[in-house]
Every structure is written in C-alpha cells, then in structure tokens.
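got a structure for you, letters missing:
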Ligand code: MTE
C-alpha cells in the first residue's frame, strides 16, 4: 500500500505530460476550462522577447504572447470580433488589453487562442512587457445595492425592488453601462472640441462658457441599454453579451444646453445638405488610445425632430463620474449607446462615426446569425430609436404572494423611443383573457414640449389585479401615441 501512492502519482504526471504535449487535447481541455491558455508547452519551441517584438503589426507573420504562450494570429486577425484591435498586442503581450476587455477571459476564447499556439515565451530578465498598471485603478465608488453584471468594465442594473419606486431614478441607483475604464477629467481645464469636417472648421468651448452663454434646459430622459432584457432572449436561444434583466434602463432629469444652440453659435447650419451625421467621441479610451464613440443622424439634433442636450447636471447635481462627468450628450428617444459620456469632441460629417460601437456593435442582426463572428456588420444599420418596451418589475420574480388575498398590485414601466408617449397600459393575470387598465405615473417636466411626440421619459405604471385561483401567465399590453 505504501508504494501505491507514488505509483499513482507517477501515472498522474505521465498522463498530464501526454496531455500537455498534445495540441488537440490541450485545446479541448482549454474549451472546458480545465487548462487555462498560456501554460508552458514542452512540445513547442521557446522564443525570446526580441523574437516576439520582430513580429509586430507590420511583419508578415503577426505574433502575440499570453502568459507563457506565443501565438501566431496572422490568420485570425480578419475573424476577430473586435476588428483589428487585436493588433494592439502585435509583437507584445495581450494581458493588458484583456484587462480592459475582460470578456476574453472565457474558455471559448482560450480555445481559439490555443489553436494558434506556436511556442513559449522567455521574458528578458529586465523585461517591462508586463509592467502595466490596472486601468481600472481609479474607478469611482458605487452604491452597494446596484445589481452588478461586470466589475471591469463596470456594468450594473438598478436594484429590482427599487426600479419603479419613483419615476426618476436617484443618481446612485441609475443603471451603469461602461465599455472602458472611467476617465479622470479636470473640469476646470476641460474644453469641448467641435469640428465641421465639411468646411474644415474647428472650434473649442470651455465648460464654463457652455454654462454661461446658452439657455439651460432640464428634461426627464429615459436611457436604456440596447441589451436590456437580453437575459430573457437567452432563454429562447443562447445570445452573446451581458445578461441584462429588466433594469438596464433608468430615468433622470438631465440639465444642459441644446446642442442645436451651440452649433448655431458657431454658425454651423444643420440644414446644409452635406452634413448627414453628428458624431460624438468620449474621453474613455483603451490602451491604444482608441475611443468610445457613436453618432446620430443630424435630424435628431434639429429642433423639428429632437432635443439633443449637452448635459452637465443629472438630477440637479454634477453628473457622477460613472455617468459622464463633466459633460455628456443626451440623445432622447434613442438607444443609450448614442448618449456618449465624458464627451470630448463633436464632429459634423457626411458619414457615421467610425467607432467600433457604431460600426460593429449595437446593430440588430438577422436571426439566422448564430455567432457574432459570422455577421457582416456592414450590412446592418446602427440602432437608433428605441422600440416600444415594457416590463413587470413587481412582484419580483420568485416573490411569495398570499393566495388568501383577493388582489395584489403589479408595478412596472413602459417606454417608447422616438418621443412617443405611452397612452395606456393593460395588465392580464390570466393569459390574456381579461385585461386591467393600469394607473400611469409620468415625469413632471417644466421644459416639456407638448407630449405625445416629445415624451422622452418612461411611464411608470401600477395596477391592482385579482389574485388568480391557479397558476397564470401575467403580461402587460401597451398602447402608444403612434
Ligand atoms: N459613452 C462612453 N464614452 N463610454 C461608454 O461606455 N456607454 C454607452 C453610453 N455612452 C458608453 C457611453 C451605453 S452602451 C449606454 S447604454 C449608456 O451610455 C449608459 O449610460 P449610463 O451608464 O449613464 O446609464
């Protein structure tokens, strides 16, 4: 019995060695997360840091390193879902980039990476390759009740139990959707840049000038992430992205100045047929300096159709760091992705923003596309106006109700993009046989233009419904002004 244990260990190590020597087995194991990518592989050659550097983005074969692994990614660059951002790590290590885009830390990505494995990396004794600071080291403090979907970058929902307690969401509980680390900005030296690409004119304006020179307006606006309720889509068929429940949506009173007034001040005429899109760049960047950006068709900014705000206050306080301090654009009635936070630059152009998030994300793909990598994003239009949306927020899923009660209260929200007001909400607790009219609560709005075509905020609703005698399907039915 005494020597059985060493024998067993010997067998174990032999099996492990075979395993690590075999590329297919390694990939399969990586897929099941049994072996993380980047382990030393004794069946492959070892390369120096200098050899790795020779295979930068202009080399005929492009290499990257991850942990102890060296990978030839030349043939993968085209298929990379994040486009040529992968070249950021060319001839170097990719850990720093994966810190900013932690979505990579999953078995599927490890498996893809391992398929391109060509060797091991031997770092120089004095190597600086891994001396990277945590790009998320300066993130702001967050409310402990937020329902966190990811820490880095930070993404969180309003807690379920509080989401429709009021029409206006308190700043600390407003949902957060960040793609990159929160930038640190000195508001006292901050300047917004405006460029008219069609006349080659460039302007700059200080935050203090924006506040002083233009009439200020406060409007209640609902922002919603395009992925709101994705979790439920995932129940039909697996989908990619953060699994938002029903609270990737919130409403705040935003104060700022109309973008159209600022453009008019610089004699920029949006009626100029050559201008088609208004692009926005954020100050949040990834390690290569590539920025978050988005654009909207110019009509959104024109008085006839929209109320685009350059906002510096959220619910009458300075905008919190997570929500775009010191300046963000608010594009009411349009998907949240276009309301660029930490706004640095506005560009008037004949084309859309070239940002990854305008071109290769936030698009509605055909149902036949099962994997994002198969999508030809150029074929699809960027999502702009939000479709009608509603959700039951209370009772929260799994809540216990007393069958002895004759009725109970259902609460939720309804929202439509494009400025359409919610007219009515009906609730059914018997699979659609009977419908009960809900009571509606809207945001009060001093600067509100006539409702119905300029309703930029959600409607919170509440409805007393009879206690069903049996298990029943509960649903809501919405009518809007259009
Ligand atoms: N702006 C910048 N600069 N960076 C971002 O990551 N996220 C966008 C948008 N503006 C984003 C941004 C997305 S996808 C959404 S839904 C909203 O901001 C969310 O705004 P919030 O975090 O204030 O709720």
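Done, it's in. In this text the structure is predicted, and so the values were computed from the model without any measurement.

Nearest residue to residue 424 in space, ignoring adjacent ones along the chain?
residue 479 (4.7 Å; C-beta to C-beta, 6 or more residues apart in numbering). Just so you know, the C-beta spots here come from the backbone N, C-alpha and C atoms, and that holds for glycine as well.

what's near enough to touch the closest residue in space to residue 170 that isn't next to it in sequence?
Computed as C-beta to C-beta, 6+ apart, the closest residue to residue 170 that is not its neighbour in sequence is residue 315, at 7.0 Å. Going by C-beta atoms under 8 Å, 6 or more residues apart in numbering, residue 315 touches 168, 170, 171, 252, 253.

Assign the first one to helix, strand or coil.
When states are read from DSSP: H, G, I helix; E, B strand; the rest coil, the local structure at residue 168 comes out as coil.

So which residues make contact with stretch 147-155?
99-100, 102, 136, 139, 142, 156-160, 176-182, 242-245, 247, 322.

before we move on, the earlier item: redo the contacts of residue 315 as JSON lines? Include neighbour count, pLDDT and distance to residue 419.
As requested, the contacts of residue 315 are arranged in JSON lines below (neighbours: other C-beta atoms under 10 Å; pLDDT from 0 to 100; distance: C-beta to C-beta, whole Å):
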{"residue": "168", "neighbour count": "17", "pLDDT": "96", "distance to residue 419": "18"}
{"residue": "170", "neighbour count": "14", "pLDDT": "96", "distance to residue 419": "25"}
{"residue": "171", "neighbour count": "18", "pLDDT": "98", "distance to residue 419": "24"}
{"residue": "252", "neighbour count": "25", "pLDDT": "97", "distance to residue 419": "17"}
{"residue": "253", "neighbour count": "21", "pLDDT": "96", "distance to residue 419": "17"}
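
tell me the two of these that are most distant?
170 and 253 (11.1 Å; C-beta to C-beta).

Residue 83: neighbour count?
Around residue 83 there are 14 other residues, counting by other C-beta atoms under 10 Å.

For residue 322, see how far away it is.
Distance, residue 83 to residue 322, by C-beta to C-beta, to the nearest Å: 26 Å.

again with residue 151
When residue 151 is compared with residue 322 (using C-beta to C-beta), they lie 13 Å apart.

Likewise for residue 210?
21 Å.

buried stuff in stretch 342-351?
342, 343, 344, 345, 346, 347, 348, 349 (16 or more other C-beta atoms under 10 Å).

Which of those residues sits closest to the ligand?
For the buried residues of stretch 342-351, the closest approach to the ligand (C-beta to the nearest ligand atom) belongs to residue 342, at 5.0 Å.

is it true that that closest one touches residue 284?
Yes: Residue 342 is in contact with residue 284 according to C-beta atoms under 8 Å; the separation is 5.6 Å.

Nearest to the ligand within the stretch 151-300 of the chain, name that residue for me.
residue 282 (2.5 Å).

does that residue sit in a helix, a strand or a coil?
strand.

Who is it paired with across the strands?
For residue 282, the beta-bridge partners are residue 343 (DSSP bridges).

so it touches residue 342, yeah?
Yes: between residue 282 and residue 342 there is a contact under C-beta under 8 Å: 4.7 Å.

Need the residues touching each of those two.
residue 183.

Flag every residue of the stretch 201-350 of the chain that's near the ligand.
By C-beta under 6 Å from any ligand atom, the residues of the stretch 201-350 of the chain that approach the ligand are 223, 225, 282, 284, 292, 323, 336, 337, 339, 340, 341, 342.

could those residues be laid out in JSON lines, adding distance to residue 269 and pLDDT?
Below are these laid out as JSON lines (distance: C-beta to C-beta, whole Å; pLDDT from 0 to 100):
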{"residue": "223", "distance to residue 269": "29", "pLDDT": "98"}
{"residue": "225", "distance to residue 269": "33", "pLDDT": "97"}
{"residue": "282", "distance to residue 269": "26", "pLDDT": "98"}
{"residue": "284", "distance to residue 269": "31", "pLDDT": "95"}
{"residue": "292", "distance to residue 269": "28", "pLDDT": "95"}
{"residue": "323", "distance to residue 269": "31", "pLDDT": "98"}
{"residue": "336", "distance to residue 269": "29", "pLDDT": "98"}
{"residue": "337", "distance to residue 269": "27", "pLDDT": "98"}
{"residue": "339", "distance to residue 269": "24", "pLDDT": "98"}
{"residue": "340", "distance to residue 269": "23", "pLDDT": "98"}
{"residue": "341", "distance to residue 269": "28", "pLDDT": "98"}
{"residue": "342", "distance to residue 269": "28", "pLDDT": "98"}
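
who wins for neighbours among those residues?
residue 340 (30 neighbours).

Report the contact partners of the closest residue to it other than its chain neighbours.
Once flanking residues are discounted, residue 340 sits nearest to residue 280: 3.8 Å by C-beta to C-beta, 6+ apart. Going by C-beta under 8 Å, 6+ apart, residue 280 touches 293, 294, 295, 329, 338, 340, 343, 345, 346, 347, 353.

Which two of those residues have the greatest separation?
Pairwise over those, using C-beta to C-beta, the maximum falls at 338 and 345, 14.8 Å.

What ranges does the stretch 351-482 of the chain have for its helices?
356-359 (DSSP state H, counting those that start in this stretch).

So, low pLDDT: which residues of it?
Confidence mapping of the stretch 351-482 of the chain against pLDDT under 70 gives the ranges 445-452, 481-482.

all strands in it, in order from the N-terminus.
Using DSSP state E, counting those that start in this stretch, the strands of the stretch 351-482 of the chain run over 389-394, 407-415, 422-428, 436-437, 439-441, 459-466, 475-480.

So for residue 231, which of those strands sits nearest?
strand 389-394 (11.3 Å).

The residue nearest to residue 96 when sequence neighbours are not counted and residue 62: what is the separation?
Nearest non-adjacent residue to residue 96, counting by C-beta to C-beta, 6+ apart: residue 132, 4.3 Å away. Residue 132 sits 20 Å away from residue 62, taking C-beta to C-beta as the criterion.

Same drill for the two, tell me which one is more crowded.
Ranked by neighbour count (other C-beta under 10 Å), residue 132 and residue 62 place residue 62 first, with 21 against 13.

Not counting its neighbours along the chain, what's nearest residue 202?
residue 195 (5.0 Å).

same thing with residue 320?
Nearest to residue 320 is residue 171, by C-beta to C-beta, 6+ apart, at 5.4 Å.

do residue 303 as well
Nearest non-adjacent residue to residue 303, counting by C-beta to C-beta, 6+ apart: residue 260, 5.8 Å away.

which residues does the one you found contact?
Residue 260 makes contact with 270, 301, 302, 303, 308, according to C-beta under 8 Å, 6+ apart.

for residue 406, same thing?
Residues near residue 406 by C-beta under 8 Å, 6+ apart: 466, 467.

That one and the ligand: what is the separation?
39 Å (C-beta to the nearest ligand atom, to the nearest Å).

repeat for residue 453
From residue 453 to the ligand the distance is 23 Å (C-beta to the nearest ligand atom).

how much space between that residue and residue 478?
Distance, residue 453 to residue 478, by C-beta to C-beta: 17 Å.

more neighbours, the two?
Counted by other C-beta under 10 Å, residue 453 and residue 478 do not tie: residue 478 has more neighbours, with 19 against 14.

pretty sure the more buried one contacts residue 387?
No: with contacts defined as C-beta under 8 Å, residue 478 does not count as touching residue 387, sitting 11.0 Å away.
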